[in-house]
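Engineer: have a look; sequence and predicted model below, questions after that.
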Amino acid sequence: LKLDAAGSPEEMLSPFTNFGDKMLTELVCSRGMDVRYHRGKYISPKWIGAWELEKDYEQSCKSYMVLQHAEDPERRVRSQYLELYRERMASKYRACPHAE
């Protein structure tokens, strides 16, 4: 992997993103494996906040949102990751194709 090569960060990470997505789709969706504890540091954006991985943390997410609103009501501190996570948790987003 050449980090100094031309291309956007998304393009540079695409081999990792594609591999991670394929592995999670196979293990979680096709085989029903619980991989939550074994998750690494990088996760395909498709799987951020996915109900298949995060359903047990729904209450923790709600508690965080309450705390964030109390501590930062004007929402000055932001994170694209947390915004996406919160949005997907609220909608019970599923990453698996043909999820029930």
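Structural biologist: Arrived safely, thanks for sending. Numbering: from 1, shown residues only.

Engineer: give the buried residues for the strand or helix carrying Val66.
Structural biologist: According to DSSP states H and E, Val66 maps onto helix 58-71. Buried positions in helix 58-71, judged by neighbour count with 16 or more other C-beta atoms under 10 Å: Cys61. Quick note: C-beta positions are derived from backbone N, CA and C, even for glycine.

Engineer: how much space between Ile43 and Met65?
Structural biologist: 21 Å (C-beta to C-beta, to the nearest Å).

Engineer: one step back: now the element after the helix holding Val66, going C-ward?
Structural biologist: As assigned by DSSP H and E, the chain's next helix or strand after helix 58-71 is helix 80-91.

Engineer: could you list the buried residues of that following helix?
Structural biologist: 82, 85-86, 88-89.

Engineer: let's have the residues you listed in TSV, adding pLDDT and distance to Met12.
Structural biologist: Converted to TSV, those look like this (pLDDT from 0 to 100; distance: C-beta to C-beta, whole Å):
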residue	pLDDT	distance to Met12
Leu82	89	23
Tyr85	92	23
Arg86	92	27
Arg88	95	24
Met89	93	28
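
Engineer: tell me how far Ser8 lies from Gly20.
Structural biologist: Shown here: Ser8 relative to Gly20, a distance of 18 Å by C-beta to C-beta.

Engineer: before we move on, what about Pro97?
Structural biologist: Pro97 sits 16 Å away from Gly20 when distances are taken as C-beta to C-beta.

Engineer: of the two, who's got more company?
Structural biologist: Gly20 (19 against 8; other C-beta atoms under 10 Å).

Engineer: excluding chain neighbours, what is closest to that one?
Structural biologist: Ser44 (4.3 Å; C-beta to C-beta, 6 or more residues apart in numbering).

Engineer: show me what contacts that neighbour?
Structural biologist: 17-18, 20-21, 24 (C-beta atoms under 8 Å, 6 or more residues apart in numbering).

Engineer: just those residues now: which is nearest Glu54?
Structural biologist: Leu24 (12.5 Å; C-beta to C-beta).

Engineer: gap between the closest one and Ala95?
Structural biologist: 7 Å.

Engineer: next, show the common contact partners of these two.
Structural biologist: Contacts common to Leu24 and Ala95, judged by C-beta under 8 Å, 6+ apart, are Trp47.
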